[in-house]
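Colleague: sequence first, predicted coordinates after that:
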Amino acid sequence: GQKSIDSGAKSFLMALVFVLIYMIFYYFHAGVASNLALIINMFFIFGALAAFNATLTLPGIAGIVLTIGMAVDANVLIYERIKEELSQQKGLALAVRDGYKNAYSAIIDANLTTLLTAVVLFYFGSGPIKGFATTLIIGILTSLFCAIFITRLVFESRLVKKKKIFFSNRLTTNLFRNTKISFIKRRKIAYVFSLTFILVGIFFLQTKGLNKGVDLQGGREYVYKVDYPDLNTVEIRNILGENFVEDNVKKFPEVKTYGNFGQTNQIKITTNFKISEEGSDSLVVAMIESQLAKYAGSLEKIEKISTQKVGATIADDVKRSAYFAILFSLIIIFLYILLRFRKWQFSLGAVAALFHDVLILLSIFSIFSGILPISLEIDQAFIAAVLTVIGYSLNDTVVVFDRVREFQITKVGKYKDIINSALNSTLSRTINTSLTTIVVLLIIFFFGGEVIRGFMFALIIGVIVGTYSSLFIATPIMLDTTNKIDKKS
C-alpha cells in the first residue's frame, strides 16, 4: 500500500542521511568525496533499473542495501590504507597513490566473488532470486566505478591545486589503530558457542519447524468492502495477526487495498491460517468478519466480495532453482578463492562461514517465531535476506583473507600471530562497514513500517552474524586446517 511505500521511502532517506553524516564525521574531507560517489552511484543504479524496465521488489531493495554497504566498504578500505601510508610519514600525493594501489586487491576480490555469485543466481534463479541478482550485478559494477574513480578524481583535483585532504579528525585519527585483540586465542570459545547455538537451532527446526508464509505454503484470499473512512491496512493486519494464532505462532496476513485506482474501501486479505485443516474456511471467514466488524463499528459496514484458494507462489521449480543457484554459487566461491589464494583452506573457511551464517539465521527464525512481536515468516523476502547475508559475509571474509595473504609476504613470525595481526589491522574497516550497515537497517526496521520489519530483522541478524563469522569462524577454520596439514607433513 501507499503508506508502506511512503514509510519505506522516508526510512531509506533517513538511513542515507545517516551514512552521509557518518562518513564526513569519520573521514572528514575524504568523507565528502565518498558521499559524492555514493549519491552518483544511487543515480546510476536507479537509472540502470529504469533502462532495463526492472520491477523494484523487496528482494531488489535487498540487493540495493547490500550494494550501498559494499560501496561504503570500498571507500573505507581505500581510506584506511591511505591512513596507514600517511602514518609511515609519506607525502600526501604518494600516500593517496599507494593507498589506492594497496586497496585494489581487497576491493576487486571482495566485489568479484560477490559478482560471480550474483551472475550464478541470475542464471539459475527465478522470481525473487533473479530480482535480487539483477540489482546486485548493476550495483556492484556502478559501485566499483564510483568508489574507485570518482573519489580518485576528487583527490587528484585537490592535489593539483595544492589543497590539503584530511582522512580523519582528532577523534578518529588513531581509533582502532594498533589494536591487539587475541581473536585466534578465543576461537575455541566461538566454536563451542556457534556449535551449541546451531544444535539448539536444529532441534527447534526438527520439532517446531519454520513459520512458512503463503509464498511457500499457499493460502486463501478474501476480498471485502468496508464502509470506513481512511482504512489502515497495517492496523487491520495487526488486529488479524493477534487472532490468527496457530501452534503459539501469530500468522500475520497480507492486507492490501484492492480494486480500481482511487478506490480505498476494498481490501484483499491473503492468509495461510489453518490452510492445512479441511473445512476451516468458514471458521477463518467468521474470525475475519468479527474483527472487521469491530474495526468498522458494525457487521453491516462490511461486505464479502469474493473468496478463493491460492497456490504457493514459490512453486517447486522455483525452490529447486534456488537450491541449484545457491549450490553453484558456493562451488564458484570455493574455486575462485582457491585460484586467488592458492590454498583450499581459504576456500573451506569461507564456505564453512557461509553455511554457519545461514544455519544461525534459520535457527533464530525457528527459535523466536511466535516469541518476538514481529512476523518471522519464511517467504520470498526471507530468501532475499539469506542471499544478502551470504553476499555480505563473503565480502567481509575475503577482505580479511586478502590482508592475511599480504602479511604472509611482508611479515615474519608464527602463522597464528600473522593471522591475528591481519584481523586487527582490518578491524577499523570491519567495524565501520558493519556499523554503518547495521544502523541503516535499524533505521529502516523501526521506521519502514510493519510489512518490511521481519525482512529487516533477518538482514540485521545476518550482518551481525556475518561480521562475527569472518572474525571467529572463517579465518580460524582456515588456520586450524592449515595447522593439521602442516603437522601431518
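Modeller: That came through, no problem.

Colleague: which pLDDT value goes with the spatially closest residue to residue 252 that is not a sequence neighbour?
Modeller: Spatial nearest neighbour of residue 252, chain neighbours left out: residue 241 (3.6 Å); criterion: C-beta to C-beta, 6 or more residues apart in numbering. For glycine as for every other residue, the C-beta is placed from the backbone atoms N, C-alpha and C. On pLDDT, residue 241 comes in at 86.

Colleague: confirm that residue 241 sits in a helix.
Modeller: Yes. Under DSSP: H, G, I helix; E, B strand; the rest coil, residue 241 sits within a helix.

Colleague: may I see the buried residues of stretch 425-443?
Modeller: By 16 or more other C-beta atoms under 10 Å, the buried positions in stretch 425-443 come out as 425-430, 432-434, 436-438, 440-443.

Colleague: which one of the residues you listed sits closest to residue 478?
Modeller: Taking C-beta to C-beta as the measure, residue 426 is the one of the buried residues of stretch 425-443 closest to residue 478, at 14.5 Å.

Colleague: check contacts around the closest one.
Modeller: Neighbour list for residue 426: 399, 400, 403 [criterion: C-beta atoms under 8 Å, 6 or more residues apart in numbering].

Colleague: next, work out how far apart it and residue 356 are.
Modeller: Noted for residue 426: a distance of 19 Å to residue 356, by C-beta to C-beta, to the nearest Å.

Colleague: show me where the stretch 251-400 of the chain has its helices.
Modeller: Taking DSSP state H, counting those that start in this stretch to define them, one finds helices in the stretch 251-400 of the chain at 281-296, 316-341, 344-367, 380-410.

Colleague: least confident of these, on average?
Modeller: Among these, helix 316-341 scores lowest, at a mean of 80.

Colleague: list the helices and strands it packs on?
Modeller: helix 92-124, helix 128-145, helix 344-367, helix 380-410 (3 or more C-beta pairs under 8 Å, 6 or more residues apart in numbering; DSSP states H and E).

Colleague: could those helices go into JSON lines alongside mean neighbour count?
Modeller: Compiled in JSON lines, the helices and strands packed on helix 316-341 are given as follows (neighbours: other C-beta atoms under 10 Å):
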{"stretch": "helix 92-124", "mean neighbour count": "20"}
{"stretch": "helix 128-145", "mean neighbour count": "23"}
{"stretch": "helix 344-367", "mean neighbour count": "22"}
{"stretch": "helix 380-410", "mean neighbour count": "24"}
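
Colleague: so which of those gets nearest residue 84?
Modeller: The nearest among the helices and strands packed on helix 316-341, by C-beta to C-beta, is helix 92-124 at 7.4 Å.

Colleague: just how off-centre is the closest one within its chain?
Modeller: Relative to the centre of its chain, helix 92-124 is centred 18 Å away, using C-alpha atoms, centre = their mean, to the nearest Å.

Colleague: tell me what that helix is packed against?
Modeller: Counting by 3+ C-beta pairs under 8 Å, 6+ apart, helix 92-124 packs on helix 58-87, helix 128-145, helix 151-160, helix 316-341, helix 380-410.

Colleague: what's the average pLDDT for the second one?
Modeller: Averaging the model's pLDDT scores along helix 128-145 yields 84.

Colleague: likewise for the first one?
Modeller: Throughout helix 58-87, pLDDT has a mean value of 82.

Colleague: return the set of buried residues in it.
Modeller: 58-86.

Colleague: same question for the third one.
Modeller: Of all the residues in helix 151-160, those buried under the rule 16+ other C-beta under 10 Å are 151, 152, 154, 155, 158.

Colleague: that one to helix 92-124, inter-axis angle?
Modeller: Inter-element angle recorded for helix 151-160 and helix 92-124: 170 degrees (by axes from the mean of the first three to the mean of the last three C-alpha atoms, to 10 degrees).

Colleague: got a list of contacts for helix 151-160?
Modeller: In contact with helix 151-160 (C-beta under 8 Å, 6+ apart) are residues 29-30, 32-34, 36-37, 75, 78, 92-93, 96, 100, 164-165.

Colleague: closest to residue 364 out of the residues you listed?
Modeller: Among the contacts of helix 151-160, and counting by C-beta to C-beta, the member closest to residue 364 is residue 75, at 30.9 Å.

Colleague: picking that back up, export the contacts of residue 426 as JSON lines, with columns for distance to residue 178.
Modeller: Formatted as JSON lines, those follow (distance: C-beta to C-beta, whole Å):
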{"residue": "399", "distance to residue 178": "19"}
{"residue": "400", "distance to residue 178": "18"}
{"residue": "403", "distance to residue 178": "15"}
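
Colleague: between the residues you listed, which is nearest residue 473?
Modeller: Of all the contacts of residue 426, residue 473 sits closest to residue 400, with 11.1 Å by C-beta to C-beta.

Colleague: distance of the closest one from residue 406?
Modeller: Distance, residue 400 to residue 406, by C-beta to C-beta: 11 Å.

Colleague: please apply the same query to residue 66.
Modeller: Residue 66 is 25 Å from residue 406, by C-beta to C-beta.

Colleague: go on, residue 26?
Modeller: Residue 26 is 24 Å from residue 406, by C-beta to C-beta.
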